[in-house]
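# Have a look; sequence and predicted model below, questions after that.
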Amino acid sequence: MSQSIQITLPDGSKREHPKAGTGLDLAMSIGKGLAKSAVAIKVDGEIQSLQVPLEEDAAVEIVTRNTPEGLEVIRHSAAHVMADAFKRIRPDCKLWKGPPVDDPRYGFYYDIDFGEKPIGKTDLPEVEKLMAEIIAADHPFEYEELPRDEAIELMRSHGEDYKLDTIDKIPAGETISFFRSGDFVDLCKGPHVPRTGKIGKGTAVLGIAGAYMGDDANNRMLTRVYGHAFSDRKAMEGHRKFLEEAAKRDHRRLGKDLDLFSTMGELGGGLVLWHPKGGFVRHKVEEYWRNEHLKNGYDIVYSPHVARGDLWSTSGHLDFYADSMFTGLDVDGVDYHLKPMNCPFHILMYKNKRRSYRDLPFRWAELGTVYRYESPGTLHGLLRVRGFTQDDAHLFLRPDQLDAEVERCLKFVLHVLRAFDFTEFHLMLSTRPEKYVGEIADWEKSEVALEQALKTLNLEYTVDPGGGAFYGPKIDVNIKDSLGRFWQCSTVQVDFTQPDRFDLSYIDRDGGRTRPVMIHRALLGSLERFFGVLIEHFAGAFPVWLAPVQAVLLAVGERHGERCEEAAKELRERGFRVQADTSAEKIGQKIRQHLWQEKVPMICVVGDQEIESAGFSVRHRKDGDLGSLSLDQLADLLDRLTQERR
RNA sequence: GCUGCUGUAGCUCAGGGGUAGAGCACUUCCUUGGUAAGGAAGAGGUCAUGGGUUCAAAUCCCAUCAGCAGCUCCA
């Protein structure tokens, strides 16, 4: 006697479904096309495998392959198949975990212990091929629940020691489930696609690296193999293009090719040499930064690179931050340390004289070069270095000014970032961490101030509970680049602690002493990191306002050289960055070199025609042929593009 | 710091127990050419560093340094 249950579909319609029939049966009964693209099912909002029987009345939704959730299921199943493939080439490897991940580059990974004989990059193509075979074989993914003792027995018989630990951690009473496909079986909650064939042809094995078991540095290190899976082969090819494009934009690559900067072993890890062209871009960034700060109520200050130990004790850095500091300079028998932050200096400036409530707020900004010890393995091009210049500012406020200043700060941050062609942001509010200093009431007040500013400015944000700094909550701004990748640059942090530690005060309206509040604020983050992000964002092709060379005048033949040199000189005198190429190369070669290899925004050809018409044939790297322009017109164009920051 | 990989010319890389190779870039010469690579010649390397094995090491082994992919970390 078969019973039936009642299923409610997303459109509100209801239908009878045999009890213990699977989600796949349901999809089939709705439509063949739907069944074909179905990869999972949501039952009362919870995603699960199609092959799990439906036992009770429920609201369900079929999850199809081209949705974010559908892709997650496909990726999870692909990870499973990858583990199957590794088991075939290395039967004694031990599996740990293989989840789907949300990363622009990878869709899933599997952590595997290969014991004494690690696998290498060269093994990956074989694994990819085996995966394709397993997928083509279209094994059903069979869902299976086992009692604890049988589950343990099963994993023990497969030699999966790590899975035994996992079973151990599953609370009593919770189901222990497995998925089988062919001869392969894995402890897994799922969900998985109904058959390996459903994974499709959009899979790839992409990389290999070490990873601590459970991402915990106390544990042993396993091999993490990264892969990706898409709904079809074409989407995977698109992803490979994205990876190629990202590699082309790699700021370390472009830094070399365009002669922007270098970081060499001889110098010391994590230290940067800014070459003339990179230095010029930095100069323009700094120039803009200074002008905007002066226009927006900031004062510019400077502080030294070192200070005596006492200062860093008072600030708490030696307690909280010593591991990241370069310490132990001996000056006349007194300990000095390199500065890892600028705040204590600005605080000393504040303390330098008595302050009145009428003076506040102070907004003090500095391009301050700091040094922090970063572990060797974490250094990365310009993005993670040991010596860098923060575009730092510290605001000293009366408590009643906090809300308005936070809002003002955020507005300013976005204004400046937009000038650099960033239009999309992701903001994150980080609240009190477990290890914190100060009063809870102050924390709450600051968190409210930050959140209120986000709301007033109508900005979307997410909350990272416990992600704040030890001295206060913060808002981080991530910027989205032209490839859709996010980079963390700006940060706005409220601080009640430092004013306390340094016993800061101002004379209030009543003649008493009141403690000011501080805001720490970095806007570009560090000039090094921001430059790295800019390079990747523009793929090395800086807009006219930032480009170290804005235009190159190209002589068609030898007799045009003089005109080129003269015009270039004239334009340089008018403040433009213009060079002349009078070499004996052909015009095609010169265009290739300047426009495409050196990524100069525009070139101007000078030949017989141009000399006759007193013009220049101008070609913009992005906008193409701009026709013939006079020298004045060319200067106007450069001016306009500079004004428009293009 | 951890796991794995890598280090050869300015750059990209090939080679590999017997005195070092290519392409691009560079220098010189020829070519005066009209919108993404004209031709020729030349110069350029302590094969990361230190030690070991060997008749012989750039090549094999060990260590160190640096870089790469991640993981941990990132006030």
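Done, it's in. As the structure is a computational prediction, the values presented were derived from the model and not from experiment.

# gap between stretch A:194-204 and the chain center?
Between the centre of stretch A:194-204 and the centre of its chain there are 29 Å (CA atoms, centre = their mean, to the nearest Å).

# Straight-line length of it, end to end?
20 Å (CA to CA, to the nearest Å).

# just stretch A:336-351 next, same as before
Per CA to CA, the first residue of stretch A:336-351 is 21 Å away from its last.

# which residue packs closest to A:G297, ignoring adjacent ones?
Leaving aside its chain neighbours, A:G297 sits nearest to A:R363 (5.5 Å; criterion: CB to CB, 6 or more residues apart in numbering). (Each C-beta comes from the backbone N, C-alpha and C, glycine too.)

# Direction included, what does the host helix or strand of the one you found pair against?
Applying DSSP states H and E as the criterion places A:R363 in strand A:362-371. Sheet pairing for strand A:362-371, assigned by DSSP bridges, gives strand A:299-300 (parallel), strand A:387-397 (antiparallel).

# Ramachandran angles for the closest residue to A:W596 other than its chain neighbours?
Among residues not flanking A:W596 along the chain, A:R621 sits closest, at 8.0 Å (CB to CB, 6+ apart). Backbone torsions of A:R621, given as degrees, to the nearest 10, read phi -60, psi -40.

# would you turn the strands paired with strand A:362-371 into JSON lines with mean pLDDT and mean neighbour count?
Converted to JSON lines, the strands paired with strand A:362-371 look like this (pLDDT from 0 to 100; neighbours: other CB atoms under 10 Å):
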{"stretch": "strand A:299-300", "mean pLDDT": "96", "mean neighbour count": "14"}
{"stretch": "strand A:387-397", "mean pLDDT": "94", "mean neighbour count": "23"}
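
# Reformat those strands as CSV; add distance to A:Q643.
Shown next, in CSV, are those (distance: least, CB to CB, whole Å):
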stretch, distance to A:Q643
strand A:299-300, 24
strand A:387-397, 23
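
# between the ones you listed, which gets nearest to RNA strand B?
strand A:387-397 (7.1 Å; CB to the nearest atom of the strand).

# So what's the gap between that closest one and the chain middle?
On CA atoms, centre = their mean, the centre of strand A:387-397 falls 22 Å from the chain's centre.

# Beyond that strand, next helix or strand please.
helix A:402-419.

# So which elements touch the helix or strand just after that following helix?
Next in sequence after helix A:402-419, counting helices and strands by DSSP H and E, comes strand A:425-430. Helices and strands touching strand A:425-430, by 3 or more CB pairs under 8 Å, 6 or more residues apart in numbering; DSSP states H and E, are helix A:440-456, strand A:461-464, strand A:474-480.

# Grab the CA positions of strand A:425-430 and hand them over as CSV.
Provided in CSV are the C-alpha atoms of strand A:425-430 (Å, rounded to 0.1, in the frame of the first residue of the first chain):
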residue,chain,number,x,y,z
PHE,A,425,32.7,48.6,-3.0
HIS,A,426,32.0,46.1,-0.3
LEU,A,427,31.9,47.5,3.2
MET,A,428,32.3,45.4,6.3
LEU,A,429,31.6,46.3,9.9
SER,A,430,33.8,44.4,12.3
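
# ok so, going back, residues in contact with the strand holding A:R363: which ones?
Residues from elsewhere that reach strand A:362-371 (CB atoms under 8 Å, 6 or more residues apart in numbering): A:286, A:289, A:293, A:297-303, A:305, A:325-326, A:338-342, A:345-346, A:349-350, A:355, A:386-396, A:527.

# a strand runs through A:G227, doesn't it?
Yes. The assignment for A:G227 is a strand, going by DSSP: H, G, I helix; E, B strand; the rest coil.

# ok, now which ones touch it?
Contacts of A:G227 (CB under 8 Å, 6+ apart): A:A78, A:A79, A:M82, A:Y106, A:G107, A:F108, A:Y109, A:Y110, A:T203, A:A204, A:V205, A:L206.

# Show me those that map onto strands.
A:F108, A:Y109, A:Y110, A:T203, A:A204, A:V205, A:L206 (DSSP state E).

# And the furthest pair within these?
A:Y110 and A:A204 (13.8 Å; CB to CB).

# neighbour-wise, which of the two wins?
A:Y110 (26 against 23; other CB atoms under 10 Å).

# residues touching that one, list them.
A:A79, A:M82, A:A83, A:F86, A:L95, A:W96, A:K97, A:G98, A:R224, A:V225, A:G227.

# Distance check, it against A:F86.
Distance, A:Y110 to A:F86, using CB to CB, to the nearest Å: 7 Å.

# For the stretch 1-150 of chain A, which residues are neighbours of RNA strand B?
Taking CB under 7 Å from any atom of the strand as the contact definition, the stretch 1-150 of chain A meets RNA strand B at A:R105, A:P118, A:G120, A:K121.

# In a markdown table, list those along with pLDDT, neighbour count and secondary structure.
Converted to a markdown table, these look like this (pLDDT from 0 to 100; neighbours: other CB atoms under 10 Å; DSSP: H, G, I helix; E, B strand; the rest coil):
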| residue | pLDDT | neighbour count | secondary structure |
| --- | --- | --- | --- |
| A:R105 | 89 | 14 | coil |
| A:P118 | 79 | 13 | coil |
| A:G120 | 82 | 10 | coil |
| A:K121 | 82 | 9 | helix |
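
# which one of these is nearest RNA strand B?
Distances from RNA strand B to those, taken by CB to the nearest atom of the strand, are shortest for A:P118, at 4.2 Å.

# what's the nearest residue to A:F280 if we skip its chain neighbours?
Leaving aside its chain neighbours, A:F280 sits nearest to A:P548 (4.1 Å; criterion: CB to CB, 6+ apart).
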